[in-house]
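A.B. asks: Generate coordinates for the sequence data below:
(one chain, ligands or ions: 1)
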Amino acid sequence: MCGIVAYKGQKNCYPILINGLKKLEYRGYDSAGVACITEQGKITVTKRSGKVKQLEDVLKKHGMNKKCIGGIAHTRWATHGRPNQINAHPHIDESATIVLVHNGIIENYDPIKKFLKSKKVKFKSETDTEVLVQLIGYFYKKGKLNFEQSVRAALQRVDGAYAIVVLNKDEPDSMIAARKGSPLALGINEKEFFVGSDISPIISHTQQIIYLEDSQMAVIKNDNYEIKSIDKDISLPKIVEKIDYKIDDYDKGKFKFFMHKEIHEQVDTISNSIIGRTTEHNVILNGLLEYWSQIEASDKIFITACGTSWHAGLIGKNLIERFAKVPVHVEYASEFRYNRTLVDNKSVVIAISQSGETADTLAAIKKANDYGAITIGICNVAGSSISRETDCGVFTRCGHEIGVASTKAFTAQISILYLFALKLASSRKQISKSAMTAHLDFSSSLRKVRSVLRKENEIKKIALKYKNASDFLYLGRGLNFPVALEGALKLKEISYIHAEGYPAAEMKHGPIALVDKNMPNVFIVPKDMTYEKIISNIEEIRSRKGKIIIITDSKEKILKDLAHDLIIIPKTNHYMFCVLATIVLQLFAYYIAVGKKLNVDQPRNLAKSVTVE
Ligand code: M6R
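C.D. replies: The predicted structure is shown next:
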């Protein structure tokens, strides 16, 4: 989704902004642009549709003015108006005084546009963003309001979500950043300021970060800044956080794609999500401590999330119901936020989100807060909106995930849900001490992640065999039904092949009509109580000549006879089986996409964090 980076200071802004845009590429975008201002107030706007590289080439050709003292830059993921150069940001008002970049959506852009047109304001683009910059310009030009007051007046009149950074030709030494609904971080260094829609373009310059809260603006003038309210002209406290980060999160290292790197990182990320959170027969989730007595007493748990995180939620439901025996309702956040709900002040609502910024999940959590529920965030990004809006939470600790297709975050989410389910089971006396000890012994299971990754070449060969298929079915039962959904989603996202995940037995209630000799069917087959049943489901497809790919921990001959391709993973427990099968499916999707020569990290139309509704 759209990305923002801005800089104010004495260094040449162009390289800072272009490198910042490159750090934001992972979010998904279709055009990019930059506006810089000189000490004398000369603003230069350069925009291109396509990749940041194209923008960079143009800038290199025309020279990057070293005398600029501030700049704003943007990657746009089109919402209102086509993905072309005119609609790309930054946008400038008709008097070429105010220039702005914007993430989010201005919902009431239409009446404002009509109003401005009635005042003879001329528009160039089809975007909602241009309406906002023209509105700021309109207030400013009327002459009664200064820069800050004009920005405030305009923001008070718009509905929707925004994160903006604004420059003014008359005050080259000023920069204003503001947010409502879309995240924005301010980085502070000695006499220089950085703004980012997330910390990725900032963090290599400074680790001193202020996460702006909703309805806050940062007003920067010369070497000083204030945090102020958008609603009233009042100063607010400056809450500066020191953010630790690992530089290699932003480096592909020996890998061609971040997704590939992140699949391999699971050797460490899965254990990171667990380490320090267990003893021999206990789970310690410090982030939930304050609310634990209410959590353990609750008899209604809701899980809400989107996409891959929603799949993790389905696994969480199975684990919590299995171990703790509390009913769990899982709902897409986009539905939860509008559906009638049975959430009340005795409920626990768990929001799962890698980014912690997904607009629907954030709205769902706000709704749960309004109903008085205890809200728990399972997020990867510290300081993210969801981690701050929830009462308590657990971080997945897997480092920055850059590949658009979520991989390491998913396996960390299910590890956290596993720990949560066990802790709840133990608190509610639903599990024996010896069973806890057995579940919490990860010593051998974590090694198995490595052994699955060693199967990479075998998985690659199989994947390449099927790269030209047009449809796939992914089939699993119980805990592995969400794994099937996740495998299908991974394939769709990065290879553009149509794929559906189904409970294996449900397949005969419709999808079986699709099966023919060309259709690959990926079965996830643990040797558990569903084993015999799934074998019958495989037979049903096999007898209709469908291609059978099996992922299993069983070495029985019958599977060899049934499968066109068989991937055997090490024997382990239920939870770890899901993790291992998921890793196989991640690699399978990855190699199909690579085989099709696609851009795995930035699939078409997708955004890494979906910050609009
Ligand atoms: O950041 P979140 O976990 O809230 O994101 C939710 C979905 O947008 C995300 O999982 C999406 O489905 C990914 N592209 C999956 O690979």
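A.B. asks: For the rest of this, base every contact and every neighbour count on C-alpha atoms.
C.D. replies: Noted.
A.B. asks: ok, now how distant is Phe115 from the ligand?
C.D. replies: 35 Å (CA to the nearest ligand atom, to the nearest Å).
A.B. asks: counting contacts, what elements does the longest helix along the chain pack onto?
C.D. replies: If you go by DSSP state H, the chain has its longest helix at helix 574-595. The helices and strands touching helix 574-595, judged by 3 or more CA pairs under 8 Å, 6 or more residues apart in numbering; DSSP states H and E, are helix 258-264, helix 408-427, helix 443-453, helix 456-465, helix 480-495, strand 547-552.
A.B. asks: how far off helix 574-595 does the longest one point, in degrees?
C.D. replies: Looking back up the chat, that one is helix 408-427. Put simply, helix 408-427 runs at 170 degrees to helix 574-595, going by axes from the mean of the first three to the mean of the last three CA atoms, to 10 degrees.
A.B. asks: Repeat that for the fourth one.
C.D. replies: Helix 456-465 runs at 60 degrees relative to helix 574-595, counting by the same axes, to 10 degrees.
A.B. asks: And helix 456-465, what's buried?
C.D. replies: By 16 or more other CA atoms under 10 Å, the buried positions in helix 456-465 come out as Ile459, Lys460, Ile462, Ala463, Leu464.
A.B. asks: what does the longest one give?
C.D. replies: When burial is assessed from 16+ other CA under 10 Å, helix 408-427 yields the following buried residues: 408-427.
A.B. asks: what sits against the nearest residue to His264 once chain neighbours are set aside?
C.D. replies: With CA to CA, 6 or more residues apart in numbering as the criterion, His264 has its nearest non-adjacent residue at 7.0 Å, and that residue is Leu453. Counting by CA atoms under 8 Å, 6 or more residues apart in numbering, Leu453 touches His264, Ile583, Val584.
A.B. asks: Distance check, the last one against the ligand.
C.D. replies: Using CA to the nearest ligand atom, one gets 15 Å for the distance from Val584 to the ligand.
A.B. asks: and the gap between Cys578 and Phe323?
C.D. replies: Here Cys578 is placed at a distance of 16 Å from Phe323 (CA to CA, to the nearest Å).
A.B. asks: Then Asp553?
C.D. replies: In terms of CA to CA, Asp553 sits 23 Å off from Phe323.
A.B. asks: re the thing from before, can you add mean pLDDT and distance to Leu186 and give the helices and strands packed on helix 574-595 back as JSON lines?
C.D. replies: Formatted as JSON lines, the helices and strands packed on helix 574-595 follow (pLDDT from 0 to 100; distance: least, CA to CA, whole Å):
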{"stretch": "helix 258-264", "mean pLDDT": "96", "distance to Leu186": "26"}
{"stretch": "helix 408-427", "mean pLDDT": "97", "distance to Leu186": "25"}
{"stretch": "helix 443-453", "mean pLDDT": "89", "distance to Leu186": "38"}
{"stretch": "helix 456-465", "mean pLDDT": "98", "distance to Leu186": "41"}
{"stretch": "helix 480-495", "mean pLDDT": "97", "distance to Leu186": "32"}
{"stretch": "strand 547-552", "mean pLDDT": "97", "distance to Leu186": "46"}
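A.B. asks: can you tell me which of the ones you listed comes nearest to the ligand?
C.D. replies: helix 480-495 (6.1 Å; CA to the nearest ligand atom).
A.B. asks: contact partners of the closest one?
C.D. replies: 308, 311-312, 314-315, 405, 472-476, 497-504, 524, 578, 581-582, 585-586, 589-590, 592-593, 596, 598-601, 603, 606.
A.B. asks: Any chance you could note which residues of the stretch 351-500 of the chain sit beside the ligand?
C.D. replies: Residues of the stretch 351-500 of the chain lying near the ligand by CA under 6 Å from any ligand atom: Ser353, Gln354, Ser355, Gly356, Thr358, Val404, Ala405, Ser406.
A.B. asks: go with 5 Å
C.D. replies: Contact residues, the stretch 351-500 of the chain versus the ligand (CA under 5 Å from any ligand atom): Ser353, Gln354, Ser355, Thr358, Ala405, Ser406.
A.B. asks: Just the ones in strands from those, please.
C.D. replies: Ser353 (DSSP state E).
A.B. asks: can you pick the most crowded of the residues of the stretch 351-500 of the chain next to the ligand?
C.D. replies: Ser353 (33 neighbours; other CA atoms under 10 Å).
A.B. asks: Apart from its neighbours in sequence, what residue is nearest that residue?
C.D. replies: Cys379 (5.0 Å).
A.B. asks: Who does that neighbour form a beta bridge with?
C.D. replies: Ser353, Phe395 (DSSP bridges).
A.B. asks: Is it correct that it is in contact with Glu357?
C.D. replies: No - Cys379 lies out of contact with Glu357 (CA atoms under 8 Å); the separation is 9.3 Å.
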